[in-house]
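A.B. asks: how would this look folded up:
(one chain, ligands or ions: 2)
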Amino acid sequence: MSDTHEITSTSVDDTLAIGSRLGAAAQPNDVIALTGPLGAGKTHFAKGIAAGLQVDDPRVVNSPTFVLVNEYAGRLHMYHVDAYRLAGPAELAALGFEDMCDAGGLVVVEWADKIQDLLPADSLSIELAVTGENSRQLRLTPGGPHSKQLLTELMRIRNDTT
Ligand SMILES: Nc1ncnc2c1ncn2[C@@H]1O[C@H](COP(=O)(O)OP(=O)(O)OP(=O)(O)O)[C@@H](O)[C@H]1O
Ligand SMILES: [Mg+2]
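C.D. replies: Ligands and ions are numbered 1, 2, ... in the order given. From the prediction side, this is the model:
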């Protein structure tokens, strides 16, 4: 997969900053599919995205415990889905997941591998791997032209600012 990019995060702040740049680059109907084990940093990455979308208080972004989808108002409306506790994809489909992906906002899914069949093909997949106490390796793979453009924009911003 030549389209895959790798980014190393060496701290929580780094993960927040990378997420924030992605939030700043996001376009309506972008879908970001986060995977990786417990404690990989998916929620921190989502917090960063919220900050980049200028959500009022990104600190409130947490793993949705009792609800499966949290929504935040920002430059784009953010839908934050945590599929960990889902009984199955049908549960999320019943909540209107397909419409969320097509509502002009930004959809961020934690544990995206649990709802693989529901995800639009053109999602940006981001796999977070734990490589040390404070380090994480991010593998970003676009699934189509829309997400490829988002990834290109993210890499462009990174090169401008780091
Ligand atoms: N570089 C890093 N990036 C992100 N988190 C890090 C990093 N280094 C250490 N951490 C720690 O790893 C944990 C990541 O927690 P977080 O809730 O974001 O993970 P998660 O992938 O959402 O887990 P879960 O699957 O349980 O929801 C936090 O305790 C954080 O402090
Ligand atoms: Mg989480």
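A.B. asks: residue of the protein nearest ligand 2, please.
C.D. replies: When distances are taken as CB to the ion, the chain reaches nearest to ligand 2 at residue 43, 3.3 Å away. All C-beta spots, glycine's among them, are computed from the backbone N, C-alpha and C.
A.B. asks: got the residues of this structure near ligand 1?
C.D. replies: Residues of the chain lying close to ligand 1 by CB under 6 Å from any ligand atom are 9, 11-12, 14-15, 36, 38-44, 63, 110, 134-136.
A.B. asks: how close does the residue of the chain found nearest ligand 1 get to residue 97?
C.D. replies: In the chain, the residue that lies nearest ligand 1 is residue 41 (2.9 Å; CB to the nearest ligand atom). In this view, residue 41 and residue 97 are 23 Å apart by CB to CB, to the nearest Å.
A.B. asks: tell me the buried residues in stretch 106-120?
C.D. replies: By 16 or more other CB atoms under 10 Å, the buried positions in stretch 106-120 come out as 106-112, 114-115, 118-120.
A.B. asks: now stretch 78-90
C.D. replies: 78-83, 86, 89.
A.B. asks: stretch 54-72 too?
C.D. replies: 55, 58, 61, 64, 68-70, 72.
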